[in-house]
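based on what follows, work out the 3D shape:
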Amino acid sequence: MRLIKSLRKCSLFIIPHAIFLLLAAEASSGDEAIQGPLSLERCIEIALERHPSIREAASNADARSAVLGQSAAAARPKVSASASYSRSYGEARGENGSINSDISLKQTIFDWGRTSIAIEESRRQLEATRLDCVETEDDVVRGVMDAYYSLSRSERSVAISLERLENYAKRLEWAEDFYSLGAKARIEVTRAQTDLATARLDLVSSQGARRKAVSSLAYAMGAAEGTPEILTDDLGFSPYGIELEEAIETAMRNRGELRAQDARVEAAKASLALAKKGMSPTLTGSAGYSYSGENDPFDERGWSVSLGLSIPVADGGETRERVKGAEASLAGAEARAESLVQDVILKVKTAHASLAEARESVEASSEVERQARETLNLALGRYQAGVGESLEISDAVDGYARARLSSVSALYDHKAAEIEMKRVMGVIAK
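Numbers count the residues shown, from 1 in each chain. Here you go, the predicted model:
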């Protein structure tokens, strides 16, 4: 009761801050990097720095870059050096030894475009992998934003539960005063106590939901062991509008997965071209210089130059089957690209409709909340004056709490719809 009385001295504006101070004590000694108040921007920065999904995507890009380097290395000259020493014994010649060393250079002069095609294929695959990194970052940012606003909603829900508890505490005090004066029956006090106990249970549930939201935000940031706390309540209403045609054009231009699939289609074309080169000849050249001797390694010196042409005659149908496989892969990549385009268009249309619906819900819930507040004020005034009934004030308190929760849910739904709209357009991180 003392807690309720102290909270009644606070304005509704600072209740979320009071909740923040009360629940901050629950913070565990987790990662210091995310301790203390954090803004949405800072939460996103932390996630981009340390989320394992982003590190995994970056590692995949590094691995693909190495594959490109291997493909490019095939076009460069190869230099090798060797040295050996041997000693032998024979009855006729006796014991003797020999020293041999040489250095050689080998270069593919012309392979009918196989190396250049392989390099192009690897380059396209690397481009696609890097675009996958962008898509992964967008998904991480979306997850952080969802979790952040979910925590904001939980904060407001706790504040609403506290206000509901405060209203029932007022009602209990008035009921006790009326009962002591003989103006109300004992059942009024009993009902008020029951409603207050129910409100306490609701507060416990809201606080539990908030703790879960804190954990979800930490997980979205890639720091599940930490306990993040929000700095400001950003769950406000700022209408976000965009024409459907513009949204679709923006998505076609910015979605990383579309550009990544286009790159994979080009890589599949290069793979097909490479497969068709399976029976192409290869022209190579090599040169070397050697030293040898029994006692002195430089007794004999020599050099050599050679030019070789390798022409495949028959490979048992391997090239034909490679071409068939590459053609099938190309057809699959093109079909996947077309499917992604249709999928993105559908997602944009769905997100656009959800955004419009969420905007209307915010406006409607705001009006419902205003009317519920007026009803509560009238009910409180009537009960305080001794002319109201328990059922009237209970309905008014619960109705106002439900209206406020609906309003908060509408605000969150609008934020979620805005986030999804930006994500499907590929601009969530911009």
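
I'd like to know which elements the helix or strand harbouring residue 263 is packed against.
Using DSSP states H and E, residue 263 falls within helix 256-276. When contacts are defined as 3 or more C-beta pairs under 8 Å, 6 or more residues apart in numbering; DSSP states H and E, helix 256-276 sits against helix 114-181, helix 318-384. Glycine gets a C-beta too; all of them are placed from N, C-alpha and C.

pick the most buried one from the ones you listed.
helix 114-181 (a mean of 21; mean count of other C-beta atoms under 10 Å).

centre of the chain to that helix, how far?
Centroid separation between helix 114-181 and its chain, computed with C-alpha atoms, centre = their mean, to the nearest Å, is 12 Å.

quick one: mean pLDDT for that helix?
For helix 114-181, mean pLDDT rounds to 89.

for residue 328, report the pLDDT, please.
pLDDT, residue 328: 96.

if I look at it, how far off is residue 322?
Counting by C-beta to C-beta, to the nearest Å, the separation of residue 328 from residue 322 is 11 Å.

just residue 370 next, same as before
Taken as C-beta to C-beta, the span from residue 370 to residue 322 is 71 Å.

try residue 244
For residue 244, the distance to residue 322 - C-beta to C-beta - is 45 Å.

for residue 179, same thing?
Distance from residue 179 to residue 322, by C-beta to C-beta: 92 Å.

same deal with residue 352?
45 Å.

show me what residue 292 is bridged to.
residue 100, residue 300 (DSSP bridges).

my read is that it contacts residue 85, right?
No - contact between residue 292 and residue 85 fails when scored by C-beta atoms under 8 Å: they sit 10.6 Å apart.

after the host helix or strand of residue 63, which helix or strand is next?
Here residue 63, judged by DSSP H and E, is contained in helix 52-73. Per DSSP H and E, the first helix or strand lying C-terminal to helix 52-73 is strand 78-90.

what's the average pLDDT for that next one?
What strand 78-90 shows for mean pLDDT is 80.

can you check stretch 408-419 too?
Averaged over stretch 408-419, pLDDT sits at 91.

what about that stretch, distance to the chain center?
On C-alpha atoms, centre = their mean, the centre of stretch 408-419 falls 19 Å from that of its chain.

which outside residues touch it?
With contact meaning C-beta atoms under 8 Å, 6 or more residues apart in numbering, stretch 408-419 is reached by 142, 145-146, 149-150, 152-153, 156-157, 160, 235-237, 240, 351, 354-355, 357-359, 361-362, 364-366, 428.

if you set the cut-off to 7 Å instead, what comes out?
Applying C-beta atoms under 7 Å, 6 or more residues apart in numbering, the contact partners of stretch 408-419 are 142, 145-146, 149-150, 153, 156-157, 235, 237, 240, 351, 354-355, 358-359, 361-362, 365, 428.

tell me the contacts of the residue nearest the centre of the chain?
Residue closest to the mean C-alpha point of the chain, counted by C-alpha atoms, centre = their mean, is residue 140 at 1.7 Å. Counting by C-beta under 7 Å, 6+ apart, residue 140 touches 47-48, 51, 53-54.

run the last query once more with 8 Å
With C-beta under 8 Å, 6+ apart, residue 140 has these contacts: 47-48, 51, 53-54, 220, 222.

put the buried members of these into a ChimeraX selection.
In ChimeraX, a selection of the buried entries from the contacts of residue 140 looks like this (16 or more other C-beta atoms under 10 Å):
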select :47,48,51,54,220,222
